[in-house]
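Trainee: Return a 3D structure for these sequence lines:
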Amino acid sequence: MTNIPTDLLRTFVTIKDLGGFTSAGDLLGRSQPAISLQVKKLEEILGTKIFLRGSSLELTEDGEYLYKAARQILEINDRVIAKVRGDNISGKVRLGIPNDFELAFLPKALRKLSRIYPNIIVEVDCEISKVILQRYQKGHYDIAMAMEREKEHEDRDSRDYRLENLEWVFREDHMDSGADSPLPLIAYPQGCVYRSIMEEALQRQAHPYRFMYTSTSLLGIFSAVEEGLGITAMASSVTPSHLKHAESSDALPDLERVCIGLYYKVSELNVASRHVLDFLRAGLANISSPPTYGGL
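Mentor: Prediction:
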């Protein structure tokens, strides 16, 4: 009877989740040729093509079926391994994370962790990134996630960060105000990287603006946008699909890219925090589509 090696399934699922062979190789620690060979071997075992070769790496009908089944197989595999080897793994991990990524990122990233390692407790603290980094430097967190400006040279492990386009987010009729009228802005408090980038972009364009609403709550900001109080800027992966969003327009300037990344001290990670880090890395890599926030 033919068996499918789980490492081939894991490679296949990672390619699909990340949208590319190179990205999957970076996450799995393998070269692009090695990833390609694994896909070829998987197709040979199954006797079918699983990818429609092209720029988008779309799946064939067999590939779609395999993807759904592979995710279930890998989850069962990981759960069994954890049960047999690591049922006694426990501990509390202190995590600092930006407000906007708490809802868009964290629950999905930690859902599988709780199933596989039910005795690991993640204590989450949400704030703007500037505060998160200050607290991290003082030892308040085992792992911190922060949003920062894109650096010219990034020397971190590629699994520990991702670059995001920053987009203007607004209600459809927000552009009704005159071009010379102050642009009403909605933002996190002073010190937020989004807020600084918005201000600098508008100042370069000599576009008048004023802050109409400031909140530490992501839902509060999006509610204010939906009520027409003003516009804001957010990373594309946390922008609700029902709100208008654009990187720039005739009336709005271009915005910089931002970097969302993980901070930790390798020497201070214990077994529990290493597992949390692995799941955070996977979650960071798998952010794909804009979320939907209930109640907005």
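Trainee: Residues contacting the strand or helix carrying Val258, please?
Mentor: Using DSSP states H and E, Val258 sits in strand 257-264. Contacts with strand 257-264, where a contact means C-beta atoms under 8 Å, 6 or more residues apart in numbering, come from 98, 101, 133, 136, 142-151, 154, 156, 160-166, 193-194, 197, 235, 273, 277, 280-281, 284. Every residue, glycine included, has its C-beta placed from N, CA and C.
Trainee: Let's see that with 6 Å instead.
Mentor: Counting by C-beta atoms under 6 Å, 6 or more residues apart in numbering, strand 257-264 makes contact with 136, 143-145, 147-148, 150, 160-166, all of which sit outside it.
Trainee: Neighbour-wise, which one of those residues leads?
Mentor: When neighbours are counted by other C-beta atoms under 10 Å, Met145 leads these with 28 neighbours.
Trainee: wait, is that one part of a strand?
Mentor: Yes. Per DSSP: H, G, I helix; E, B strand; the rest coil, Met145 lies within a strand segment.
Trainee: which ones are touching it?
Mentor: Neighbour list for Met145: 97, 262 [criterion: C-beta under 6 Å, 6+ apart].
Trainee: Check which residues of the longest helix seen in the chain are buried.
Mentor: When the chain is parsed with DSSP state H, its longest helix is helix 61-86. Residues 63, 66-67, 70, 73-74, 78, 82, 86 are the ones in helix 61-86 that count as buried (16 or more other C-beta atoms under 10 Å).
Trainee: Check stretch 199-210 too.
Mentor: Per 16+ other C-beta under 10 Å, stretch 199-210 contains these buried residues: 201-202, 207, 209.
Trainee: CA-only coordinates of it, as CSV, when you get a sec.
Mentor: Taking Å, rounded to 0.1, in the frame of the first residue of the first chain, the C-alpha atoms of stretch 199-210 are listed here in CSV:
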residue,chain,number,x,y,z
GLU,A,199,1.3,63.0,9.1
GLU,A,200,4.6,63.1,7.2
ALA,A,201,3.0,62.1,3.9
LEU,A,202,0.3,64.8,4.2
GLN,A,203,2.9,67.4,5.2
ARG,A,204,5.0,66.6,2.1
GLN,A,205,1.9,67.1,0.0
ALA,A,206,1.1,70.3,1.9
HIS,A,207,-2.3,68.9,2.5
PRO,A,208,-4.1,70.4,5.5
TYR,A,209,-5.3,67.8,8.1
ARG,A,210,-6.6,67.6,11.6
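Trainee: any residues touching that stretch, and which ones?
Mentor: Outside of stretch 199-210, the residues within contact range by C-beta under 6 Å, 6+ apart are 182-183, 185, 253, 255.
Trainee: Mind giving me the ChimeraX command for buried ones among those residues?
Mentor: Those of those that count as buried under 16+ other C-beta under 10 Å are selected in ChimeraX with:
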select :183,185,253,255
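Trainee: ok, of the contacts of stretch 199-210, which one's closest to Ile35?
Mentor: The closest of the contacts of stretch 199-210 to Ile35 turns out to be Leu255 (C-beta to C-beta; 33.4 Å).
Trainee: So the closest one: helix, strand or coil?
Mentor: Following three-state DSSP, we place Leu255 in the coil state.
Trainee: Contacts only, for it.
Mentor: By C-beta under 6 Å, 6+ apart, the neighbours of Leu255 are 166, 197, 201, 233.
Trainee: Among those residues, which ones are in strands?
Mentor: Among the contacts of Leu255, the members falling in strands (DSSP state E) are 166, 233.
Trainee: of the contacts of Leu255, closest to Leu269?
Mentor: Within these, the smallest distance to Leu269 is 30.6 Å, found for Leu166 (C-beta to C-beta).
Trainee: Now that that closest one has come up, it's in contact with Ser236, right?
Mentor: No. Applying C-beta atoms under 6 Å as the test, Leu166 and Ser236 come out as separate, 7.5 Å apart.
Trainee: Grab the nearest non-local neighbour of Ile73.
Mentor: Residue nearest to Ile73 in three dimensions, not counting chain neighbours: Leu9, with 6.0 Å by C-beta to C-beta, 6 or more residues apart in numbering.
Trainee: Tell me the buried residues in stretch 205-225?
Mentor: Under 16+ other C-beta under 10 Å, the buried positions of stretch 205-225 are 207, 209, 211, 213-215, 218, 221-225.
Trainee: which residues of the stretch 151-296 of the chain score low on pLDDT?
Mentor: 173-180, 246-250, 288-296 (pLDDT under 70).
Trainee: Contact partners for Gly283?
Mentor: Gly283 makes contact with 105, 109, according to C-beta under 6 Å, 6+ apart.
Trainee: ditto for Ala82
Mentor: Contacts of Ala82 (C-beta under 6 Å, 6+ apart): Ile116.
Trainee: Okay then, goodbye and thanks.
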